[in-house]
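Engineer: Next input, structure requested:
(chains A, B, C and D)
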There are 2 protein chains.
Amino acid sequence: MSSNPSKEPETAATEQLERFGLSTYAARTFVALASLGTGTARDVSQVSEVPRTRVYDAVDELREWGLVDVQQSSPKEFWVISAETACRRFERDFQHRADTLRTALSELEPAEQRTEQRGVWTVNGQAAVTDRALEFFTTAEEEIVYMTTEDLLTEDVIDALSEAADRGVSIKLAGVSSDVQEQIQEEIPGATMFESLWVWSDTSAGRLMMVDGRKTLVSALVNGNSASVSDPRSETAIWGEGDANSLVVVLKAIFTWRLDTIDSN
Amino acid sequence: MSSNPSKEPETAATEQLERFGLSTYAARTFVALASLGTGTARDVSQVSEVPRTRVYDAVDELREWGLVDVQQSSPKEFWVISAETACRRFERDFQHRADTLRTALSELEPAEQRTEQRGVWTVNGQAAVTDRALEFFTTAEEEIVYMTTEDLLTEDVIDALSEAADRGVSIKLAGVSSDVQEQIQEEIPGATMFESLWVWSDTSAGRLMMVDGRKTLVSALVNGNSASVSDPRSETAIWGEGDANSLVVVLKAIFTWRLDTIDSN
DNA sequence: CCTTTTTGTGATTAATCGGGTGACTTCTCG
DNA sequence: CGAGAAGTCACCCGATTAATCACAAAAAGG
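Structural biologist: Numbers count the residues shown, from 1 in each chain, chains lettered A, B, ... in the order given. Have a look, this model is predicted:
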């Protein structure tokens, strides 16, 4: 979406506040007051690029959130809560919203019937693809086969694999260089390494996985492999579920062949 | 703002999703898919009141969030991630935003100079008032004097008082009935109880506090005292800080007189 | 093979919301 | 008392988005 870390803190803070539901003026006013501690409408207007006449509206909005107090004098003065308190407040508020959503959704879901057999689904964006992978990991019961580019073998992936291994799921991993292999062996003692089917770096392949022989996912990096990792949106994946699923059938054939070869080595 | 718990889960869920930044169509589509698990544009349109032709846009939006995958067939089919995963995703995303905000604000704040001596600030809403009270508690170094209606003596207030007591701050508490007093004594052993200045239940007074003899806060319940507690917005407070602050001076006089009387009992 | 229905895309309209500006009243202070 | 500042209102305009429609492509079905 955005949120460049190399930005002026004012801009970054304003942007986040807006995404929390504040109007632009309210966000800018808050930021101005946060650095002033206390100030009048004119003070705020000068440091924040908010029209002076609109500072009052902005302050009203902030008062509704309990972020600002007003001194009834002339000129009015405005006071903000500390940054830390404000952040905690947002966190608490948000947690509450998330709980509400969770409850509402759970009261809803009974009319569900999953486990599609046919069909191949597509996902875009590294974050979303990783999400699917992690979800597959957590539902794994027996076996996870996972081939990946090292760039995509992030911390959360390793954690999820490790957690699955603790549950007794057998992990078979490929595509990583030998030195990373050792590191993995430490974190996930039970993992088996096997050689990749091809040289990953030459292709635009991202990951290739199979869980319990009935859920599979394949991803590719669309912009070649140079700028790919820098842009997290460049990963595209397809996945499928069910014994009769065509994608599953194909991948199972490949993997079985490959893993059998390994075993006989 | 709203969020009535006695609402249909669909409405509640939709509302929350919108507040997270989704458009109403996207939110409704998500809710529909959440109960269907999987479905086509027509399915969604029928159960969600979203115009069929707009379902595609809504799904695009949801795909950007990584909440929905699509099956490239005709008719297209849509698949949603589980409710639990979705909530976790929102939580993670939000936590990240909060951290960004925290960082940005802290990089900003150096230009600060607080400690107003003059002036009385006003706060509205029980949540905001409690916030101020808690902030006062955490900055307390020596003494907290706190008179309150029992209705306003919530768990978080007690926790903050208890935490201050652990830091060695002396706590003087009034306004609570004798049975609640005992309970408090257990949770905050170091607290001193004293008799209220007047019968709280007869007035619309909410709380009255002084910290270290230099920060004070007074609140009132505006809608009489019957419906007041049910509506958290009905509490209004004023507060002031600094030895020369007029509100502080007045309250200090009152409390000193009262507490001295106590001591000589 | 042709007809009819369904599906997907795009354009268009209407309405709402929010940022931006200025007029006008009230207040403060020299 | 008068100048300038503070506060309140009302209005405009552009962007966003909900909502509707028109149309082409694709399935379905006889």
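Engineer: Surely A:Arg28 is in contact with A:Ser48?
Structural biologist: Yes - counting by Cβ atoms under 8 Å, A:Arg28 touches A:Ser48, with 4.4 Å between them. Every residue, glycine included, has its C-beta placed from N, CA and C.
Engineer: Just want to know which of those two has more residues nearby.
Structural biologist: Shown here are A:Arg28 and A:Ser48; by other Cβ atoms under 10 Å in any protein chain shown, A:Arg28 has more neighbours (26 against 23).
Engineer: residues contacting the residue in chain A positioned nearest to DNA strand C?
Structural biologist: Of the residues in chain A, the one nearest DNA strand C is A:Thr24, at a distance of 3.0 Å by Cβ to the nearest atom of the strand. Going by Cβ atoms under 8 Å, 6 or more residues apart in numbering or on different chains, A:Thr24 touches A:14, A:18.
Engineer: Would you check how far apart it and B:Lys76 are?
Structural biologist: 37 Å (Cβ to Cβ, to the nearest Å).
Engineer: Dead centre of chain A: give me the residue that sits there.
Structural biologist: A:Ala127 (4.9 Å; Cα atoms, centre = their mean).
Engineer: pLDDT wise, what is that one at?
Structural biologist: If you check A:Ala127, the pLDDT there is 87.
Engineer: hang on, isn't it packed against B:Glu64?
Structural biologist: No - applying Cβ under 8 Å, one finds A:Ala127 not in contact with B:Glu64, separated by 10.3 Å.
Engineer: And for A:Glu141, nearest residue in space, chain neighbours not counted?
Structural biologist: Setting aside the residues directly before and after it, A:Glu141 is nearest to A:Asp212 in space (Cβ to Cβ, 6 or more residues apart in numbering or on different chains), at 5.7 Å.
Engineer: so what's that neighbour up against?
Structural biologist: A:140-143.
Engineer: Low-confidence stretches in chain A?
Structural biologist: Residues of chain A meeting the criterion pLDDT under 70: A:1-7, A:109-118, A:197-203, A:223-233, A:258-265.
Engineer: Run through the strands of it in chain order.
Structural biologist: Along chain A, the segments classed as strands by DSSP state E run A:38-39, A:68-71, A:77-80, A:121-124, A:143-148, A:170-174, A:192-194, A:205-211, A:215-221, A:235-241.
Engineer: Quick one: those strands as TSV, columns for mean neighbour count too.
Structural biologist: Conversion of the strands of chain A to TSV gives the following (neighbours: other Cβ atoms under 10 Å in any protein chain shown):
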stretch	mean neighbour count
strand A:38-39	20
strand A:68-71	22
strand A:77-80	23
strand A:121-124	20
strand A:143-148	22
strand A:170-174	20
strand A:192-194	16
strand A:205-211	24
strand A:215-221	23
strand A:235-241	23
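Engineer: My guess is A:Asn245 contacts A:Val120. True?
Structural biologist: Yes - contact criterion Cβ under 8 Å: A:Asn245 and A:Val120 qualify, at 7.5 Å.
Engineer: near DNA strand D, which residues of the stretch 151-265 of chain A show up?
Structural biologist: Residues of the stretch 151-265 of chain A lying close to DNA strand D by Cβ under 7 Å from any atom of the strand: none are found.
Engineer: Which residues of the stretch 151-265 of chain A lie near chain B?
Structural biologist: A:Trp239 (Cβ under 8 Å from any Cβ of the partner chain).
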